[in-house]
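Engineer: based on what follows, work out the 3D shape:
(2 chains)
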There are 2 protein chains.
Amino acid sequence: MTTENRPHRVVVIGGGFAGLHVAKGLRRAAADVTLIDRRNFHLFQPLLYQVATGGLSPANIAAPLRAVLGRQRNCQVLLGDVVGFDLGRRVVQLADGEMQYDSLVVAAGAGHSYFSHPEWEPLAPGLKTIEDATEIRRRILTAFEAAERTEDLQELRSWLNFVIVGAGPTGVELAGALAEIARHSLKKDFRRINPSDAHILLVEAGERVLPSYPLDLSEKAQASLEKLGVTVRTHTHVDEITKAGVHLKTKTDGEFLPARTVLWAAGVQASPLAKALAAAAGTKTDRAGRIVVQRDLSVPGHPEVFVLGDMASYQGDDGKPLPGVAPVAISQGKFVAKLIDRRLRGRRLPEYRYRHWGDLATIGRSAAVAEFGRLHFSGFLAWIMWLFIHLMNIVSFRNRLLVLVQWSWSYFSYDRSARLITGQSGDDLELSASSEPSPVADLPQILPEREP
Amino acid sequence: MTTENRPHRVVVIGGGFAGLHVAKGLRRAAADVTLIDRRNFHLFQPLLYQVATGGLSPANIAAPLRAVLGRQRNCQVLLGDVVGFDLGRRVVQLADGEMQYDSLVVAAGAGHSYFSHPEWEPLAPGLKTIEDATEIRRRILTAFEAAERTEDLQELRSWLNFVIVGAGPTGVELAGALAEIARHSLKKDFRRINPSDAHILLVEAGERVLPSYPLDLSEKAQASLEKLGVTVRTHTHVDEITKAGVHLKTKTDGEFLPARTVLWAAGVQASPLAKALAAAAGTKTDRAGRIVVQRDLSVPGHPEVFVLGDMASYQGDDGKPLPGVAPVAISQGKFVAKLIDRRLRGRRLPEYRYRHWGDLATIGRSAAVAEFGRLHFSGFLAWIMWLFIHLMNIVSFRNRLLVLVQWSWSYFSYDRSARLITGQSGDDLELSASSEPSPVADLPQILPEREP
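Structural biologist: Residues are numbered from 1 along each chain as shown, chains lettered A, B, ... in the order given. Okay, the predicted model is just below:
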């Protein structure tokens, strides 16, 4: 127990996997924990692509932070916007005040990186937030609607071309789900277009899809994608993105592909809070804007300040930095909670070691790849593992049940019924390039013959 | 069968209850049906208040129109924005083209009416669309968050005061659900405020709540609301709405009530398309902007043009206009489909007669009122009827299942886990009136004592 009268104050910034596990891990510690987040919910990001493709609702993969932590008496949740740090005074600066800490844990995650092309962001949205997911869903569904409306063959083609930039897990999962929508879910929905004419292009600058996976699984993943009708282009850079499409570049060649829907799954960049914290601590960030942390995840020179998850650059046993995935964030969150607790009790401090369990990515229906050390799986068995592991890790029991119901339903019916176009109501079709009013009076003539 | 070569073209505007039932009712007719809507889904409006109060997700009460009508070969769905009519040329004008019809059915519904105060709309949102519902959900949840943050007692009070204007079914159901959130769902969520200190005021200009219901049920509904802690103020007008609260006025008195959350459930106004259609047809609208239709729901002088649902003013058997509720819209949709079908087959035309089955409204958990002619129910039995009837009327089987799972869960756990603050991310707390940064550093001091 701490010998001071006032309990030890732990401030945790970010309610993602890392931050949530710090707060939960401190439930028996002699500490007052405050979890600060800009949003009122924890988001299960690994399933965000299913919201973006109409398979799940936002609330199915989000758990209100207050509901998750409500029963933990030594923890409070604060909805707030952190803007900076004063490590000397041990103070976190908020948009509308400040907050004192004894231990600070910063786990604010990462956003998209468009490298040196911030102007691409509105043209090619990435997938990090609920709003990103509903915006991508809106764009995908609107593209099919606009294709159904247009009279112009070139425009039709550019509405049915979908480009996904980046073939990491997010890009692969988005491409697989998009192919399924086009081939199955929307099959009977349209009268003039055939949704399976959609052309889904997955562009990767590196030499293979899922570059962080073993070679054999990359090959299997690519084969599964191609079976679903996705075109995979490796060794290909995106040179330019415009409203009309993408310029692609290989070592020897260049090409313009007309496409009205471009999705970004290529680069991530640590939250800007990393830069602010590094400046306050006088330490450095890596190329992805992550703070290079000590072996115990603390910031150099500040043993009371920790950086976790996607914001931290930590060299794993293989010499490479740990990847920005949920298992890393969870293990780091648990470790830091333990370290703070032991420090308060005056006991020997633990050492951090990340044990890589495995990696899983799904490619549409009944197909996935999984790596558990030397064991590699693909196909249906890997897909069942993927389902099970994701389902069990969703935070609330209610959401686990709802996701199970919807997955079962979709599996047997091929339906994805959360395909709502919401948000910018009314203006959706103004995405259309044609400024001339097109005659739609003749539409009914191309209806198929009525059944007698 | 029609004797022309070209099939009879029916254009239906609006995919609500009325329009959807016209399209479905024509599935065996010798007609090509085009359903035009601005949105890509049919919305089950009677449960919209549950989305606004975090009980259900938007997709649970929305069915994609293409999925609902996808298998009906003589029907196509068009996402489009109708802007006007040329009844002489039998043409519907769209934002980007026009469409020819032989029979026209206009069922574009209604929006809010702020009487002569359009400036109140941003201050007191109403509940008609998915976006309205998520915006109201955001405001309700943000109010509790802001209350938790503030140091100022007056401000605290104004964040915990909720005013609902209008005690029809929507107002009553919103007030009941809001009271439940405050008393049950958020019970353990906060550390400084007690959510059940929230004060929910239901304001009604008329003499009783649920004015269209029998007197005994109005009384029972008011008693149920009061049991939940809702304050009901009848004979009270809203004189003014500002950012700070509402000015209330009775015959003898006036009063200002500070309240940061004001919700509008008072007046509806037919879609502006009613005015455009009335002008094109040279006919008249009533005070609520609805078109006064003939006995067969057609527009005077235009037997090929029908107006249905919330847009139509039709005198019922009791001399009063039929109310703007789902059963009326459904019966009118079915009738017009039958009439068009019979006309095409050259058979005797049916006569429209609305048979009032009953009315149901729910007031929070385990309480409702129901009227079926001379049979009146209240309490648990009425609530079970309400659950059953609403569940059975949700359009897709999948949504029926998802709603059932969530209702069961909420019933036993008191949880409403779709309570996400989405939309205007980050700026939520700027709703706060305080411009001075408030010190939040002392927050942990008011935490309850740790358990040993």
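Engineer: so residue A:378 is in contact with residue A:363, correct?
Structural biologist: No - between residue A:378 and residue A:363 there is no contact, the gap being 9.1 Å when judged by C-beta atoms under 8 Å. No exception for glycine: its C-beta is placed from N, CA and C like everyone else's.
Engineer: give me the common contacts of the two.
Structural biologist: Counting by C-beta atoms under 8 Å, 6 or more residues apart in numbering or on different chains, the residues touching both residue A:378 and residue A:363 are A:221, A:224, A:369.
Engineer: please convert the buried members of these into PyMOL selection syntax.
Structural biologist: To isolate the buried members of the shared contacts of residue A:378 and residue A:363 in PyMOL, using 16 or more other C-beta atoms under 10 Å in any protein chain shown:
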select buried, chain A and resi 221+224+369
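Engineer: going by distance to residue A:334, which of the shared contacts of residue A:378 and residue A:363 wins?
Structural biologist: Residue A:334 lies nearest to residue A:369 out of these, by C-beta to C-beta, at 26.9 Å.
Engineer: tell me, how many residues neighbour the residue in the stretch 351-452 of chain A that chain B sits nearest to?
Structural biologist: Residue of the stretch 351-452 of chain A nearest chain B, by C-beta to the nearest C-beta: residue A:418 (3.7 Å). When neighbours are counted by other C-beta atoms under 10 Å in any protein chain shown, residue A:418 registers 28.
Engineer: what does residue A:258 give?
Structural biologist: The local packing of residue A:258 (other C-beta under 10 Å) involves 15 other residues.
Engineer: and the helices in the stretch 201-350 of chain A?
Structural biologist: Using DSSP state H, counting those that start in this stretch, the helices of the stretch 201-350 of chain A run over residues A:215-227, A:272-281, A:326-345.
Engineer: remind me what the second one packs against, helices and strands.
Structural biologist: Applying 3 or more C-beta pairs under 8 Å, 6 or more residues apart in numbering or on different chains; DSSP states H and E, one finds that helix A:272-281 contacts strand A:82-86, strand A:103-106, strand A:291-292, strand A:302-307.
Engineer: redo those as a markdown table? Include distance to residue B:79, mean pLDDT and mean neighbour count.
Structural biologist: Listed next are these as a markdown table, based on distance: least, C-beta to C-beta, whole Å; pLDDT from 0 to 100; neighbours: other C-beta atoms under 10 Å in any protein chain shown:
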| stretch | distance to residue B:79 | mean pLDDT | mean neighbour count |
| --- | --- | --- | --- |
| strand A:82-86 | 41 | 97 | 18 |
| strand A:103-106 | 45 | 98 | 26 |
| strand A:291-292 | 47 | 96 | 22 |
| strand A:302-307 | 46 | 98 | 23 |
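Engineer: the host helix or strand of residue A:51: what's the following helix or strand?
Structural biologist: Taking DSSP states H and E as the definition, residue A:51 sits inside helix A:48-52. Per DSSP H and E, the first helix or strand lying C-terminal to helix A:48-52 is strand A:62-64.
Engineer: and that next one, how far from the chain's centre?
Structural biologist: On the basis of C-alpha atoms, centre = their mean, to the nearest Å, strand A:62-64 is displaced by 15 Å from the centre of the chain it belongs to.
Engineer: could you list the paired strands of that strand along with their orientation?
Structural biologist: strand A:41-43 (antiparallel) (DSSP bridges).
Engineer: may I see the buried residues of stretch A:146-154?
Structural biologist: Per 16+ other C-beta under 10 Å, stretch A:146-154 contains these buried residues: A:146-150.
Engineer: coming back round to it: which of residue A:378 and residue A:363 has more neighbours?
Structural biologist: Shown here are residue A:378 and residue A:363; by other C-beta under 10 Å, residue A:363 has more neighbours (31 against 20).
Engineer: distance check, the residue most central in space within chain A against residue B:423.
Structural biologist: The centroid of chain A falls nearest to residue A:128 when counting by C-alpha atoms, centre = their mean (4.3 Å). In this view, residue A:128 and residue B:423 are 16 Å apart by C-beta to C-beta, to the nearest Å.
Engineer: which residues of the stretch 151-300 of chain A lie near chain B?
Structural biologist: Applying C-beta under 8 Å from any C-beta of the partner chain, we find that the stretch 151-300 of chain A lies next to chain B at A:186, A:188-191.
Engineer: put the buried members of the residues you listed into a ChimeraX selection.
Structural biologist: Restricted to buried positions by 16+ other C-beta under 10 Å, the ChimeraX selection for these reads:
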select /A:186,189,190,191
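Engineer: which members of the residues of the stretch 151-300 of chain A next to chain B are the farthest-apart pair?
Structural biologist: Spanning the widest gap among these are A:186 and A:191, at 11.9 Å by C-beta to C-beta.
Engineer: where does pLDDT dip in the stretch 351-452 of chain A?
Structural biologist: Low-confidence segments of the stretch 351-452 of chain A, defined by pLDDT under 70: A:424-452.
Engineer: would you map the helices across it?
Structural biologist: So, for the stretch 351-452 of chain A - with DSSP H, counting those that start in this stretch - the helices run A:380-393, A:397-413.
Engineer: ranking these by burial, who's on top?
Structural biologist: helix A:397-413 (a mean of 18; mean count of other C-beta atoms under 10 Å in any protein chain shown).
Engineer: on that earlier part again, give me the helices and strands touching the helix holding residue A:51, please.
Structural biologist: Helix A:48-52 sits against helix A:130-149, helix A:169-180, with contacts defined as 3+ C-beta pairs under 8 Å, 6+ apart.
Engineer: now those as TSV including mean pLDDT?
Structural biologist: Shown next, in TSV, are those (pLDDT from 0 to 100):
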stretch	mean pLDDT
helix A:130-149	95
helix A:169-180	95
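Engineer: which of these sits most buried?
Structural biologist: Highest mean neighbour count of the helices and strands packed on helix A:48-52: helix A:169-180, a mean of 26 (counted as mean count of other C-beta under 10 Å).
Engineer: OK, contacts around the closest residue to residue A:248 other than its chain neighbours?
Structural biologist: The shortest distance from residue A:248 to any non-neighbouring residue, by C-beta to C-beta, 6 or more residues apart in numbering or on different chains, is to residue A:255 (4.9 Å). Residue A:255 makes contact with A:247-249, according to C-beta under 8 Å, 6+ apart.
Engineer: ok, so of these, who is nearest chain B?
Structural biologist: For the contacts of residue A:255, the nearest to chain B is residue A:247 (29.1 Å; C-beta to the nearest C-beta).
Engineer: which residues does that closest one bridge with?
Structural biologist: Beta-bridge partners of residue A:247, counted by DSSP bridges, are residue A:240, residue A:256.
Engineer: quick check, it in contact with residue A:256.
Structural biologist: Yes - using C-beta under 8 Å, residue A:247 is in contact with residue A:256, at 5.3 Å.
Engineer: how is chain A divided into domains?
Structural biologist: A:8-112+A:268-345, A:118-265 (automatic domain parsing).
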